[in-house]
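K.L.:
have a look at this prediction, sequence included:
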Amino acid sequence: MNEVSYHMLEATAVHLFITRGPIGGTGAEAGGEAAVNGGGQQGAIGAHGGVDLSTYNAVAKRVYQYLRDAPQSNEGLHQQEIAAKLGIDTAEVAKAGDAMLEGGLIYTTVDDQTWAILEAD
């Protein structure tokens, strides 16, 4: 009966452990994922807010930056709007979006062409 609730609580606990470290730790002392994904990437990545975009093409980087900086609601931004604002072909924006979806940087919201950034902050 409580299987769904238990799963959600366990997923939350695992997420917090990975992003913030063990209970009573400061995150940096955790050593594992918290230290690797935290401050260590900030210096190397810089302009993209601590996200490693080195494996993505220039279009994906521009789309990510636009999604990050553009004012938006909880619904995110549609790929046609992004393409129009950036002056990029819709097919190229779709490819970039698919790559970032696979990489876990963005997620779909109201439909498959509307995206928002998945941030760990």
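P.N.:
Perfect, thanks for sending it. Numbering: from 1, shown residues only.
K.L.:
what are the buried residues along the helix ranked longest in the chain?
P.N.:
When the chain is scanned for its longest helix (criterion: DSSP state H), the result is helix 3-20. Neighbour-count burial for helix 3-20, counted by 16 or more other Cβ atoms under 10 Å, picks out 17, 20. C-beta: built from backbone N, CA, C; applies to glycine.
K.L.:
now do that helix, average pLDDT.
P.N.:
The average of the pLDDT scores along helix 3-20 is 84.
K.L.:
kindly export that helix (C-alpha atoms) in PDB.
P.N.:
C-alpha atoms of helix 3-20 as PDB (Å, rounded to 0.1, in the frame of the first residue of the first chain):
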ATOM      1  CA  GLU A   3       5.100   1.300  -2.000                       C
ATOM      2  CA  VAL A   4       4.800   4.400  -4.100                       C
ATOM      3  CA  SER A   5       5.300   6.700  -1.100                       C
ATOM      4  CA  TYR A   6       8.300   4.700   0.000                       C
ATOM      5  CA  HIS A   7       9.800   4.900  -3.400                       C
ATOM      6  CA  MET A   8       9.400   8.600  -3.600                       C
ATOM      7  CA  LEU A   9      11.000   9.100  -0.200                       C
ATOM      8  CA  GLU A  10      13.900   6.800  -1.100                       C
ATOM      9  CA  ALA A  11      14.500   8.600  -4.400                       C
ATOM     10  CA  THR A  12      14.500  11.900  -2.500                       C
ATOM     11  CA  ALA A  13      17.000  10.600   0.100                       C
ATOM     12  CA  VAL A  14      19.300   9.300  -2.600                       C
ATOM     13  CA  HIS A  15      19.200  12.600  -4.500                       C
ATOM     14  CA  LEU A  16      20.000  14.600  -1.400                       C
ATOM     15  CA  PHE A  17      22.800  12.200  -0.500                       C
ATOM     16  CA  ILE A  18      24.400  12.500  -4.000                       C
ATOM     17  CA  THR A  19      24.000  16.300  -4.300                       C
ATOM     18  CA  ARG A  20      24.600  17.400  -0.600                       C
END
